[in-house]
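> make a model of this:
(one chain, ligands or ions: 1)
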Amino acid sequence: MEQRQAIVAVLRRGDRVLAIRRGPGVARPGYWQPLSGRLEPGETEEQAVVREVREEVGLTVVPLAKVWESETDDHRFRLHWWTARADTGEVVPAPDEVAETRWVTPQEFLVLDPVFDGDREFFERILPEL
Ligand SMILES: Nc1nc2c([nH]c(=O)n2[C@H]2C[C@H](O)[C@@H](COP(=O)(O)OP(=O)(O)OP(=O)(O)O)O2)c(=O)[nH]1
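Coordinates of the predicted model:
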């Protein structure tokens with residue numbers, strides 16, 4: 001299958017990041033992860049980060065830096081990981097896509113269940129180096 005491109009938006013507020021639980025309207029509901037979403041044709045990764053964050057939790061964010069690339073465990077998506085600043089604003093989840101949200105420390109993310117292997121690797125290995 002042709003690999004699709006998606007962004008992951010690691011929203012930072014102080015020493016915490018936004019974790020969301022996948023909602024009932026998406027594949028594999030129940031998993032905890034940072035926000036993610038498909039890159040649309042003609043869109044830059046930064047634009048996709050801003051759009052997806054707005055659609056999924058209603059926050060306006062500023063993309064900071066691309067920090068990692070990975071592949072999903074089912075190989076369907078190449079994931080482009082971005083940090084973004086989200087200092088203010090209230091999180092308002094899109095009900096179908098986001099079941100729950102939590103601002104977590106990296107340690108707190110690692111005890112959420114279930115999480116994807118690639119996301120675990122990000123929080124264990126990549127995020128502490130940033
Ligand atoms: N952070 C993270 N995001 C992931 C992982 N696996 C995975 O598919 N995603 C993201 C990439 C896509 O944005 C989204 C795919 O979910 P989906 O299949 O319900 O979304 P979709 O609407 O884009 O796809 P589809 O319905 O057309 O098949 O989830 C993962 O391991 N970690």
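
> how far away is G37 from the ligand?
G37 sits 5 Å away from the ligand, going by Cβ to the nearest ligand atom, to the nearest Å. The way it works is simple: take the backbone N, C-alpha and C, and place the C-beta from them, glycine included.

> chain center to the helix or strand harbouring that residue, what's the gap?
Here G37 is covered by strand 35-38, with elements defined by DSSP states H and E. The chain centroid and the centroid of strand 35-38 are separated by 6 Å under Cα atoms, centre = their mean, to the nearest Å.

> what does this protein put close to the ligand?
Within the chain, the positions lying close to the ligand (Cβ under 6 Å from any ligand atom) are 6, 8, 26-27, 33-34, 36-38, 72-73, 77, 79, 116, 118-119.

> list just the nearest of those to A86.
Closest approach to A86 among those (Cβ to Cβ): P34, at 11.1 Å.

> and that closest one, what does it touch?
P34 is in contact with 8-11, 17-20, 119, 122, counting by Cβ atoms under 8 Å, 6 or more residues apart in numbering.

> can you rerun that using 6 Å?
By Cβ atoms under 6 Å, 6 or more residues apart in numbering, the contact list for P34 reads 8, 10.

> just to revisit the earlier point, elements contacting the strand holding G37?
Packing partners of strand 35-38 (3 or more Cβ pairs under 6 Å, 6 or more residues apart in numbering; DSSP states H and E): strand 4-13, helix 45-57.

> the residues of the chain next to the ligand, buried ones only, as a PyMOL selection?
Per 16 or more other Cβ atoms under 10 Å, the buried members of the residues of the chain next to the ligand correspond to this PyMOL selection:
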select buried, resi 6+8+33+34+36+37+72+77+79+116+118+119
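
> export the helix or strand hosting Q107 to CSV, keeping only CA atoms.
Using DSSP H and E, Q107 sits within helix 106-109. Extracted C-alpha coordinates of helix 106-109, given in CSV (Å, rounded to 0.1, in the frame of the first residue of the first chain):
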residue,chain,number,x,y,z
PRO,A,106,6.5,12.6,29.8
GLN,A,107,6.5,10.2,32.8
GLU,A,108,2.7,10.5,33.0
PHE,A,109,2.4,9.7,29.3
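
> cheers, nothing more for now.
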